[in-house]
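A.B. asks: Below is the structure, and that's it, no one-letter string:
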């Protein structure tokens with residue numbers, strides 16, 4: 001087991017942690033899930049057999065290819081990014097929406113890395129049972145106004161259509177592509193995509209790619225009926241975590 005998973009403490013968050021948690025983590029949905037609702041369920045996706053958009057395409061011709069993150073163990077992620085600059089939460093459960101919210105026993109770890117390629121300010125990776133299930137690219141570098149198209153291009157994604165635009169908090173723009181819109185398969189698993197920005201500041205932009213696949217039989221067997229020790233807050237219409245300010249990183 002990699003040393004990173006020996007961490008048992010939740011490290012102190014940076015000053016904007018309260019704002020980050022206020023909008024909460026958006027959980028993973030089932031393979032045909034829609035946007036999460038306030039009661040912990042996902043809005044219905046398209047009916048079985050209904051027409052769907054074309055498939056997403058993924059390019060590896062970018063500094064940080066998605067295929068080298070998602071579904072990969074920590075050693076492979078760190079071969080690309082180096083050692084983590086900080087360790088986030090560790091908990092003994094994971095959450096999915098299939099379409100109702102369920103918790104199941106697993107080890108969930110969040111790590112933050114510096115981006116040595118200079119494309120982003122930092123990269124955060126979440127691991128479920130030792131495999132990366134979510135990657136968040138924070139603070140796209142460059143000049144001029146930020147656009148979701150620029151964000152998608154930076155991570156090598158071409159999606160079938162535009163995302164659904166919302167404003168979950170004052171000054172926040174959020175574009176979402178759930179499974180029926182993204183049609184994004186990586187290593188045989190479906191994913192959804194979120195792009196957000198605060199106050200139009202590209203230093204506070206974020207591109208999230210999140211595993212959004214149905215539970216395996218093994219995960220179903222580990223479903224827990226009670227809330228875990230450190231549960232993920234139920235998703236609300238406020239959407240995912242708010243992008244954080246451009247705070248210089250230093251090893252903890």
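C.D. replies: Everything's here; your move. Since the model is a prediction, treat every value here as computed from it, not as a measurement.

A.B. asks: So for stretch 120-139, first residue to last residue, what's the gap.
C.D. replies: In stretch 120-139, first residue to last residue: 5 Å (CA to CA, to the nearest Å).

A.B. asks: Report the helix or strand with the lowest average pLDDT across the chain.
C.D. replies: Least confident helix or strand, the chain: strand 28-29 with a mean of 32, by mean pLDDT, DSSP states H and E.

A.B. asks: next structured bit after it?
C.D. replies: Moving toward the C-terminus from strand 28-29, the next helix or strand (DSSP states H and E) is strand 57-58.

A.B. asks: what pairs with that next one, and is each one parallel or antiparallel?
C.D. replies: Strand 57-58 pairs in its sheet with strand 157-158 (antiparallel), by DSSP bridges.

A.B. asks: How about stretch 135-149, which residues are buried there?
C.D. replies: Across stretch 135-149, burial judged by 16 or more other CB atoms under 10 Å covers 135-140, 146, 148. All C-beta spots, glycine's among them, are computed from the backbone N, C-alpha and C.

A.B. asks: typed the wrong thing, it's stretch 184-191
C.D. replies: Buried residues in stretch 184-191, counting neighbours by 16+ other CB under 10 Å, are found at 184, 186, 189-191.

A.B. asks: what's the answer for stretch 55-67, then?
C.D. replies: Buried, per 16+ other CB under 10 Å, within stretch 55-67: 56, 58, 64, 66.

A.B. asks: What is the lowest-pLDDT residue among the buried residues of stretch 184-191?
C.D. replies: By pLDDT, residue 190 ranks lowest within the buried residues of stretch 184-191, coming in at 86.

A.B. asks: Next, the buried residues of whichever helix or strand that one is part of.
C.D. replies: Following DSSP H and E, one finds residue 190 within strand 189-198. For strand 189-198, the neighbour count (16+ other CB under 10 Å) marks 189-198 as buried.
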